[in-house]
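Novice: Below: sequence and its predicted model.
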Amino acid sequence: IDKYLKDKSKLCFVITQTLFKTQGAGDGFRRFRLGQTGAFFRVDQLDDMVELQPFEGATNRTALVLCTKGEKTKYPLPYLLWRKKEKGKVGLDYTFEETYNATIRHNLKAQPVGGSETSPWMSAKPKALKAIQKVIGKSLYKAWAGSCTWLNGVYWGAVKPVENGQIKFSNLYDEGKIKIEPVEVEIEAILVYPLLRGREVGRWKSTPNSFIIVSQNPKERTGYELKWMEKNAPKTLVYFNQFKNKLLGRSGYKKYLNGKPFYSIYNVSDYTFAPFKVVWKALANGSQAVVVASAPVADEMKVVVPEHNTMFVPFENKDEAHYFCSLINSSIASFVVQGYIALFYSTHILDNIRIPKYDPNNEIHQDLTRLSKQCHEKVSAGISVSDLEEQIDELAAELWGLSKEELKEIKESLKEMQ
């Protein structure tokens with residue numbers, strides 16, 4: 001744009017779609033300006049060709065952008081979403097006409113999702129984009145990332161019960177890029193918790209089947225002091241010592257925890273041990289949240305600890321957790337999230353979904369709680385919950401002040417995205 005265009009001239013080029021739909025990484029680019037004080041350029045239209053994957057052997061998120069130099073970008077702007085009519089590839093040797101006939105184009109509009117012009121774009125049908133502004137805003141709830149070890153093969157494992165507060169721990173040595181030798185050892189159960197991994201998280205259902213050693217003092221957000229470990233978990237300390245050099249060599253340890261106990265991990269605090277959590281996996285297609293509580297470790301029930309590929313909101317109250325889960329799993333919340341996120345459903349989604357604080361005396365809140373509980377029960381039994389989810393959508397629309405027509409527009413737009 002700087003080198004080749006005169007003012008008012010246009011340029012169309014191939015670009016990655018994530019620059020327009022990624023929190024943080026694309027913020028600077030979305031100023032649409034040459035340097036800090038240079039000329040602006042106007043984005044006239046974006047063609048989203050992510051589904052077409054037009055480059056052989058590449059899975060990048062392809063888009064085309066048309067720009068005009070010397071003008072400021074105005075919103076909302078045209079966003080043309082290309083979708084395949086049928087499964088399979090659009091051939092590299094297709095003519096434009098053949099490609100056109102093999103695809104459907106959705107004429108959407110795009111605008112920043114947050115209060116800033118550099119926020120990620122949200123794309124949707126014009127009426128839905130207008131209606132969803134009633135929902136967009138900062139939630140009163142805060143989300144956190146799950147526990148991060150940077151060496152899962154040491155901390156993650158399977159367990160078998162042994163007497164006197166001891167368990168037999170078999171590490172998942174083949175997890176992660178760094179090779180770890182397999183070890184089966186008797187350790188104390190005090191630091192072992194049920195582990196919930198991203199692939200075990202579904203919509204209304206979770207299936208934790210592994211365990212994690214949480215050697216972290218939640219008050220200090222660093223590993224327990226050596227004296228505490230020697231007194232309370234001496235066998236666990238002996239186990240960690242087998243991997244001391246590798247634990248000290250972890251990149252995240254060097255960056256964030258250097259000088260702290262070598263078995264320290266990350267993203268663990270009081271919120272990790274909340275009795276109830278609403279968890280969703282970071283890499284998903286739409287909202288796929290679930291309420292989790294406790295699971296057995298040997299003969300004791302302990303809170304479930306999510307891992308780093310999951311996000312969660314902690315709760316002290318079970319009903320409040322189910323209320324939140326209903327709203328985050330609603331079509332309306334899914335529409336917001338899918339409308340502006342290209343890849344990663346991080347904690348920042350709650351910066352853009354205005355979820356009110358739970359009120360146990362509010363009838364809508366009570367009904368949302370009841371429906372979430374029923375969805376969890378039915379999904380666990382293998383029963384469809386489409387009728388319950390319809391009710392959740394209607395209640396969520398009422399809570400956010402959306403009309404039936406606006407809800408219909410949002411749901412139709414959501415179908416086009418999926």
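Specialist: That came through fine.

Novice: does S334 sit in a helix, a strand or a coil?
Specialist: The local conformation at S334, judged by DSSP: H, G, I helix; E, B strand; the rest coil, is helix.

Novice: Give the full set of residues in contact with it.
Specialist: 286-287, 414 (CB atoms under 8 Å, 6 or more residues apart in numbering). Every residue, glycine included, has its C-beta placed from N, CA and C.

Novice: how far away is it from V238?
Specialist: 47 Å (CB to CB, to the nearest Å).

Novice: go on, L399?
Specialist: 53 Å.

Novice: More neighbours: these two, which one.
Specialist: Ranked by neighbour count (other CB atoms under 10 Å), L399 and V238 place L399 first, with 21 against 13.

Novice: Ramachandran coordinates for that one?
Specialist: Torsion angles at L399 (phi, psi; degrees, to the nearest 10) stand at phi -60, psi -40.

Novice: For it, which non-adjacent residue is closest in space?
Specialist: I364 (5.3 Å; CB to CB, 6 or more residues apart in numbering).

Novice: cool, S206 as well?
Specialist: Nearest to S206 is V290, by CB to CB, 6+ apart, at 4.7 Å.

Novice: can you pull the pLDDT of E412?
Specialist: pLDDT, E412: 89.

Novice: Now for Q242: which residues touch it?
Specialist: Each residue near Q242 by CB under 8 Å, 6+ apart is listed here: V183.

Novice: scratch that, K235
Specialist: Each residue near K235 by CB under 8 Å, 6+ apart is listed here: 166, 185-188.

Novice: Could you dump the residues you listed into TSV with distance to K125 added?
Specialist: Output for those, formatted as TSV (distance: CB to CB, whole Å):
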residue	distance to K125
Q166	60
V185	58
E186	60
I187	56
E188	57
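
Novice: Those residues in strands, which ones?
Specialist: Among the contacts of K235, the members found in strands (DSSP state E) are 166, 185-188.

Novice: Quick check on the residues you listed: which are buried?
Specialist: 187-188 (16 or more other CB atoms under 10 Å).

Novice: Out of the ones in strands among the contacts of K235, which one has the lowest pLDDT?
Specialist: Lowest pLDDT among the ones in strands among the contacts of K235: Q166, 92.

Novice: Show me which helix runs longest in the chain.
Specialist: Criterion DSSP state H: the longest helix present in the chain is helix 363-380.

Novice: Tell me where this structure has helices.
Specialist: Using DSSP H, helices in the chain cover 96-101, 126-131, 152-155, 226-232, 234-241, 244-248, 251-252, 318-328, 331-340, 363-380, 386-400, 404-417.

Novice: wait, L247 sits on F240?
Specialist: Yes - between L247 and F240 there is a contact under CB atoms under 8 Å: 6.8 Å.

Novice: got any residues that touch both of those two?
Specialist: 154, 262-263.

Novice: among these, who's most crowded?
Specialist: Busiest of the shared contacts of L247 and F240 [other CB under 10 Å] is Y263, holding 29 neighbours.

Novice: Show the contacting residues for that one.
Specialist: Counting by CB under 8 Å, 6+ apart, Y263 makes contact with 215, 223, 229, 237, 240, 247.

Novice: repeat that with 10 Å
Specialist: 149, 151, 154-155, 191, 213, 215-216, 223-224, 226, 229, 233, 236-237, 239-241, 243-244, 247-248, 253, 257 (CB atoms under 10 Å, 6 or more residues apart in numbering).
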